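# the following block contains a protein sequence and its predicted model.
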Protein chains: 2
Amino acid sequence: MPATPSPGRVGDVRRQNLALVLAGIQRNGGATRAQLAAESGLTKASVSSLVTDLIESGLVRERSVTRDGERGRPGTGLVLNPARGALAVEINVDYLAVGVLDFTGELTFHETVERHNRGSRPSDILPLLVAMAQRAATEASGVGVELLGGELTVPGLVDTDRNVVLAAPNLGWADVGLSDELPKLLPEAPFGVTLSNEANSAALAELWFGHGADHGASDRFRDFLYISGEVGVGGGLIIDSQLFSGPQGHAGEIGHVVVHPDGPLCACGGHGCLESFAGQEAIYSAAGIDQGSTSRQMDQLLRRIADGDGRAVSAVEQAGHYLGIAVASTARVANISAVVLGGHFAALEEWIAPALRRSLDHHAPGLIPEGNLLFSGLGQTGALRGAAATSVRRILNQAYELIA
Amino acid sequence: MPATPSPGRVGDVRRQNLALVLAGIQRNGGATRAQLAAESGLTKASVSSLVTDLIESGLVRERSVTRDGERGRPGTGLVLNPARGALAVEINVDYLAVGVLDFTGELTFHETVERHNRGSRPSDILPLLVAMAQRAATEASGVGVELLGGELTVPGLVDTDRNVVLAAPNLGWADVGLSDELPKLLPEAPFGVTLSNEANSAALAELWFGHGADHGASDRFRDFLYISGEVGVGGGLIIDSQLFSGPQGHAGEIGHVVVHPDGPLCACGGHGCLESFAGQEAIYSAAGIDQGSTSRQMDQLLRRIADGDGRAVSAVEQAGHYLGIAVASTARVANISAVVLGGHFAALEEWIAPALRRSLDHHAPGLIPEGNLLFSGLGQTGALRGAAATSVRRILNQAYELIA
């Protein structure tokens, strides 16, 4: 284990230069000392000295590289150390999950446990999460990955400065402080555990590992709306390749955009919210599917649709219709012209997409061009990957804490 | 007249120091050289030299000051020169307007001419604007104000880099390039004429001269939504005391947030937009008021409401109801908890406010706290003041162009 960090050991200039060097290694998935010097404008001696520190800290390691098409002798490349990683822990309404992401961005382990968490007290859930986190840390250790920090991501509004879940109506949580609980998830990690919103984590995953990464060079995927389809419907706005979180950190809440003036009561206390028409429970209920585990409910829904069950088909189409209204409104407010849908929306793409497209064409023609309406390929692990990758970025930003 | 500027005359460091000194003078509504030196960290000699240049350029002038409660001899204060100013020109669907704002923020002249501009060609309107701008410049000159630049503000989406009105559906304009036309509004002004969106200009006016200025110290008025009520309904988002304009510069378009899934066709081509329920024409039509000049229509509406005409009252209440839905959706997306309404919404405050409050309490209770729902006191001149003040800021930011 690295020593417990004492912030402030390294001077400001050196911190800045460390950040430059780490960014250079990250950006290219590896780089030689010479490349780092050329890119950063630092002297080769400075780079060498910083790299020595980074290798000693365990954040970076050397490997032989010959790049495709590159001439000359193979140089000694520097890469982020795949033997270091971050933990992600997710609470959702119908499951708990943990994941381990190494510094190269590989999800080396993940586990999802179905569980009805609606109305569960934090004190019921947290011991389960601690046990799952321990298993994840053991698994990580088994493949040689040491966890330096982590992030807990939840389906609700969070105050990331104070580690408080302000409101997670589908869990029934309000003003739940977690400052004492977060460290228990990863007691020995030098960079601790932070808190985030699930849809925001999934939006960042889409930026870094999903369509944002596929379209590396495309402008439209610098700016997009991610819509998370779970029991709740969440959203995350990516603007200029950053999470746009708004004045209090809660921007992008598309699940509570009003899509019908006479709509039903929502868990949030409002009426007519998108979530009431397009959340998982809303769809299952409209399709006439009984309560049960959500994975079984999804299997049933897909089977009924395959059988041509009109009620099931129209439940999904209704969700697409109201999604179109909420996307139109959100895109007008945030000036967004690209959308990625995840969670159950991605599982139902074949039936959601046409209804959503029709609704968009009716309510806001031209706003989201054909080809800018995409579904996530990240599956169930989006939020986990986003939360863990956020933690990795935070660790690298604070790398100076590990440098003597 | 100052000489036509040739950018790049002044070195970068001096530019930065000029900006520091001008910001100090602006912030306090005046300052002495000693105060400027203390605040900026520049030497007194540097400040004196910069101030000499600023006085020679005409941007700044001296005056004797003794501040209230300040001890000692009166110092020689420096203020922005009230004999310099900027022009604002506004095209709206039912009027044209011009205004002159001097550097101290006083609107020294404005003129509004009612005119039905729907379907007017740019070539019909622009000569009228040129004539109005000439009158304004003459009026300004008469009271000793020289206009250094200006801004044209329009009810539509604009590309400010290319000076193009991309879409102003209520005028019937699409892709109207104005690069050749803007200079004609103020042919001799050294800083030229820029283009902006009317609701954004009005939002900035609210920040600088309206509730944002009243609440100088209050956090909530660093972040608010401004809603412009004209024939069209526009919006501007102020986040962290700046206009949040989104990836393409069109954020905050609350007029086209969808408030009813089965709503009517809107001028934008969509359906169910707020504008179709709460724009001026929508209200007059729902109230059964015949077409005519909008000021006469507003008089009629107010008279009928005073007479207890049920149809007039319910037309206004319906607008408030749908405003509540759009505000709820917009606030969820942008994470905003304060709203200012202007234009006809402000004129109808007494009847709009309760209906809007009821709608908000139903659709999103707690989202916009009591006391954070305000109406503009700036009247018809909001957009003009915002556009001119934006121009003044631009001129001061480019002050180095006037320094030899």
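All right, it came through fine. Every value quoted in this text rests on a predicted model; they were computed, and no experiment measured them.

# where is the longest helix in chain A?
The helix that spans the most residues within chain A, counting by DSSP state H, is helix A:310-334.

# centre of the chain to it, how far?
Mean-position distance between helix A:310-334 and its chain equals 23 Å (C-alpha atoms, centre = their mean, to the nearest Å).

# ok, the residue nearest to residue A:46 when sequence neighbours are not counted - how many residues close by?
Excluding its sequence neighbours, the residue lying closest to residue A:46 (C-beta to C-beta, 6 or more residues apart in numbering or on different chains) is residue A:17, at 6.4 Å. Any C-beta I mention is one placed from the backbone N, CA and C, and that applies to glycine too. Using other C-beta atoms under 10 Å in any protein chain shown, residue A:17 is surrounded by 20 other residues.

# residue ranges with poor pLDDT in the stretch 201-350 of chain A?
Residue ranges of the stretch 201-350 of chain A with pLDDT under 70: A:215-220.

# residues from it in reach of chain B?
Counting by C-beta under 8 Å from any C-beta of the partner chain, the stretch 201-350 of chain A comes close to chain B at A:222-223, A:235, A:237, A:239-240, A:245-254, A:256-261, A:268-272, A:321-322, A:325-326, A:328-330, A:332-337.

# among those, which are in helices?
Among these, DSSP H puts A:321, A:322, A:325, A:326, A:328, A:329, A:330, A:332, A:333, A:334 in helices.

# and which of those is nearest residue A:62?
residue A:334 (43.8 Å; C-beta to C-beta).

# what's the burial count for the closest one?
30.

# ok, residue A:152 next?
A total of 29 residues lie near residue A:152 under the criterion other C-beta under 10 Å.

# wasn't it part of a strand?
Yes. Per DSSP: H, G, I helix; E, B strand; the rest coil, residue A:152 lies within a strand segment.

# and the pLDDT at it?
Predicted confidence (pLDDT) for residue A:152: 98.

# please, which helix or strand holds the closest residue to it other than its chain neighbours?
Excluding its sequence neighbours, the residue lying closest to residue A:152 (C-beta to C-beta, 6+ apart) is residue A:89, at 4.6 Å. Counting by DSSP states H and E, the element that carries residue A:89 is strand A:84-91.

# show me what that strand is packed up against.
strand A:95-102, helix A:122-142, strand A:146-154, helix A:198-209, helix A:382-397 (3 or more C-beta pairs under 8 Å, 6 or more residues apart in numbering or on different chains; DSSP states H and E).

# quick check: buried residues in the longest one?
Neighbour counts using 16 or more other C-beta atoms under 10 Å in any protein chain shown place A:122, A:125, A:126, A:129, A:130, A:132, A:133, A:136, A:137, A:139, A:140 of helix A:122-142 among the buried residues.

# please write out the alpha-carbon positions of it in CSV.
Once non-C-alpha atoms are left out, helix A:122-142 reads as follows in CSV (Å, rounded to 0.1, in the frame of the first residue of the first chain):
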residue,chain,number,x,y,z
PRO,A,122,-29.7,3.0,4.3
SER,A,123,-28.6,1.0,7.4
ASP,A,124,-30.1,-2.1,5.7
ILE,A,125,-28.3,-1.6,2.4
LEU,A,126,-24.9,-0.3,3.4
PRO,A,127,-23.7,-3.6,5.1
LEU,A,128,-24.6,-5.4,1.9
LEU,A,129,-22.6,-2.9,-0.1
VAL,A,130,-19.7,-3.3,2.2
ALA,A,131,-19.7,-7.1,1.8
MET,A,132,-19.9,-6.7,-2.0
ALA,A,133,-17.1,-4.1,-2.0
GLN,A,134,-14.9,-6.5,0.0
ARG,A,135,-15.6,-9.3,-2.5
ALA,A,136,-14.7,-6.9,-5.3
ALA,A,137,-11.5,-5.9,-3.6
THR,A,138,-10.6,-9.5,-3.1
GLU,A,139,-11.3,-10.3,-6.7
ALA,A,140,-9.3,-7.3,-7.8
SER,A,141,-6.4,-8.4,-5.6
GLY,A,142,-6.6,-11.9,-7.1
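
# residues in contact with that helix: which ones?
For helix A:122-142, contacts defined as C-beta atoms under 8 Å, 6 or more residues apart in numbering or on different chains pick out A:85, A:87, A:89, A:91, A:96-100, A:108-109, A:111, A:113, A:115, A:117, A:146-147, A:150, A:152, A:173, A:176, A:178, A:181, A:184-186.

# what does the average pLDDT come to for it?
On average, helix A:122-142 scores 97.

# now for the nearest residue to residue A:357 once chain neighbours are set aside, how many residues are close by?
The shortest distance from residue A:357 to any non-neighbouring residue, by C-beta to C-beta, 6+ apart, is to residue A:373 (6.6 Å). Close neighbours of residue A:373, defined as other C-beta under 10 Å, add up to 18.

# give the contact list for residue A:373.
Residue A:373 touches A:338, A:339, A:353, A:356, A:357, A:360, counting by C-beta under 8 Å, 6+ apart.

# same question, residue A:81
A:58, A:59, A:60, A:61, A:103.

# and if you look at residue A:88?
Neighbour list for residue A:88: A:97-101, A:150-153, A:201, A:383-388, A:391 [criterion: C-beta under 8 Å, 6+ apart].

# which non-adjacent residue is nearest residue A:55?
residue A:61 (6.2 Å).

# is that neighbour located within a helix, as I assumed?
No. Counting by three-state DSSP, residue A:61 is not found in a helix; it is strand.

# just checking, it touches residue A:76?
No. Between residue A:61 and residue A:76 there is no contact under C-beta atoms under 8 Å: 10.6 Å.

# so those two - more neighbours on which side?
In terms of neighbours (other C-beta under 10 Å), residue A:61 is the more surrounded of residue A:61 and residue A:76; the figures are 16 against 12.

# so which helix or strand takes in the residue nearest to residue A:46?
helix A:12-27.

# what's the angle between that helix and helix A:382-397?
140 degrees (axes from the mean of the first three to the mean of the last three C-alpha atoms, to 10 degrees).

# which is the next helix or strand following helix A:12-27?
strand A:31-32.

# give me the residue from the stretch 151-300 of chain A nearest chain B.
Chain B sits closest to residue A:246 of the stretch 151-300 of chain A, with a gap of 2.7 Å, by C-beta to the nearest C-beta.

# before we move on, back to that, which outside residues touch the helix holding residue A:17?
Counting by C-beta under 8 Å, 6+ apart, residues outside helix A:12-27 touching it are A:10, A:31, A:35-36, A:39-40, A:42, A:46-47, A:50-51, A:53-54, A:59-60, A:78-80, A:396-397, A:399-400, A:403.

# closest residue of the stretch 301-404 of chain A to chain B?
The minimum distance from the stretch 301-404 of chain A to chain B, using C-beta to the nearest C-beta, falls at residue A:335 (2.8 Å).

# now the closest residue to that residue other than its chain neighbours: phi and psi?
The spatial neighbour of residue A:335 that comes closest, neighbours along the chain excluded (C-beta to C-beta, 6+ apart), is residue B:246 at 2.8 Å. Backbone torsions of residue B:246, given as degrees, to the nearest 10, read phi 80, psi 180.

# okay, now the domains of chain A?
Domain segmentation of chain A under automatic domain parsing yields A:12-81, A:84-202+A:383-400, A:215-377.

# give me the mean pLDDT for the shortest one.
Rounded to a whole number, the mean pLDDT of domain A:12-81 is 84.

# could you tell me the end-to-end distance of that domain?
With C-alpha to C-alpha, to the nearest Å as the measure, the first residue of domain A:12-81 is 24 Å from its last.

# same check on the second one?
Across domain A:84-202+A:383-400, the terminal residues are separated by 16 Å (C-alpha to C-alpha).
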